[in-house]
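Asker: I need the structure of the sequence given here:
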Amino acid sequence: MARKTKAEAELTRHRIVECARQVFSKDGVTNTSLERIAKEAGVTRGAVYWHFRNKADLFMAVRTDTGTLLRLSDEAGRDPLHRLELSLRETLRRLREEDKSRLTYEVMLWKCEYVGEFSTVRDDLMAAGRGFLQEVTALYTEAKTAGLTAPDLDPSLAALETFCLYAGMIKIWLAASPESGLRDQFAGLIEQHVNGRRLGVGHRLTPPSRSPRK
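Answerer: Numbering: from 1, shown residues only. Next comes the predicted model:
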């Protein structure tokens, strides 16, 4: 049998990743074997191991193929707080309209246990979270410098609050039934959250004061 070309091998790898996404979403990561994925992809178990070391490696390929859900807007002429709001709204649009994004994040947030070999995956996800914090902290710093926020706002603390809102919002959005109407409220939540950072509009977010030691 002739060896596959590089292009053919890449197509096989892509098919395995796509099938893994579907099976992970349907049955959960723990209940899914590489044999099952190989069968769904129409390849041998050896073919799966040719491209991926183990299930955790394949899981990461599914995540990488999807890409980062939050993409900070760089729209010209917009202030940094408006760009943040646009970016958070864009995550909701992608979840609504992109099956790949929705399935991948359902798996990541609801259908995977980050134990054993998947502990390294958890570390990678937290690294992505630190990247989120850095980018959003930079936006809040820019907004503070431009006089759009209270002068005593702590950009890193504000970014952490936004990170917590973002992570919780995505998880709840995925769990909510489309018929419940809950998903429709998140656009307003995002607007209220970002406007809460604007000078004269919302509360001021500052580091908690420390009680003096007795």
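
Asker: Give me the domain ranges for this structure.
Answerer: 6-66, 80-195 (automatic domain parsing).

Asker: Redo those as a markdown table? Include mean neighbour count, distance to L72 and mean pLDDT.
Answerer: Heads up, the C-betas are built off the backbone N, CA and C, glycines and all. Shown next, in a markdown table, are the domains of the chain (neighbours: other Cβ atoms under 10 Å; distance: least, Cβ to Cβ, whole Å; pLDDT from 0 to 100):
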| stretch | mean neighbour count | distance to L72 | mean pLDDT |
| --- | --- | --- | --- |
| domain 6-66 | 17 | 17 | 94 |
| domain 80-195 | 16 | 5 | 93 |
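
Asker: which residues in this structure form helices?
Answerer: With DSSP state H as the criterion, the chain has helices at 6-27, 34-41, 45-51, 55-66, 80-97, 99-110, 119-145, 155-175, 186-195.

Asker: How about the residue positioned nearest the centre of the chain: what's its closest non-neighbour residue?
Answerer: Among the residues of the chain, the one closest to the centroid is L69, at 4.6 Å (Cα atoms, centre = their mean). Distance criterion Cβ to Cβ, 6 or more residues apart in numbering; nearest residue to L69, sequence neighbours excluded, is T91 at 5.2 Å.

Asker: Quick check, that neighbour in contact with L165.
Answerer: No. Taking contacts as Cβ atoms under 8 Å, T91 lies outside contact range of L165: 11.3 Å.

Asker: Isn't E117 up against R53?
Answerer: No. Counting by Cβ under 8 Å, E117 sits too far from R53 to count as a contact (9.5 Å).

Asker: From P151, how far off is T145?
Answerer: Per Cβ to Cβ, to the nearest Å, T145 is found 10 Å from P151.

Asker: got the contact list for the residue nearest to the centre of the chain?
Answerer: 91, 94-95, 101, 105, 170 (Cβ atoms under 8 Å, 6 or more residues apart in numbering).

Asker: measure it to E117 for me?
Answerer: 24 Å.

Asker: ditto for T12
Answerer: Going from T12 to E117 by Cβ to Cβ gives 23 Å.

Asker: same deal with V23?
Answerer: Relative to E117, and taking Cβ to Cβ, V23 is found at 18 Å.

Asker: Same check on P155?
Answerer: 36 Å.

Asker: Equivalent analysis for T5, please.
Answerer: 32 Å.

Asker: got it, and M108?
Answerer: From M108 to E117 the distance is 16 Å (Cβ to Cβ).

Asker: And H82, by the same measure?
Answerer: 42 Å.

Asker: And L92, by the same measure?
Answerer: Where E117 is concerned, L92 sits at a distance of 32 Å (Cβ to Cβ).

Asker: do A20 as well
Answerer: Distance from A20 to E117, by Cβ to Cβ: 15 Å.

Asker: Please apply the same query to A146.
Answerer: A146 is 46 Å from E117, by Cβ to Cβ.

Asker: before we move on, what about K144?
Answerer: 42 Å.

Asker: so G129 touches F163, yeah?
Answerer: Yes. Contact criterion Cβ under 8 Å: G129 and F163 qualify, at 6.5 Å.
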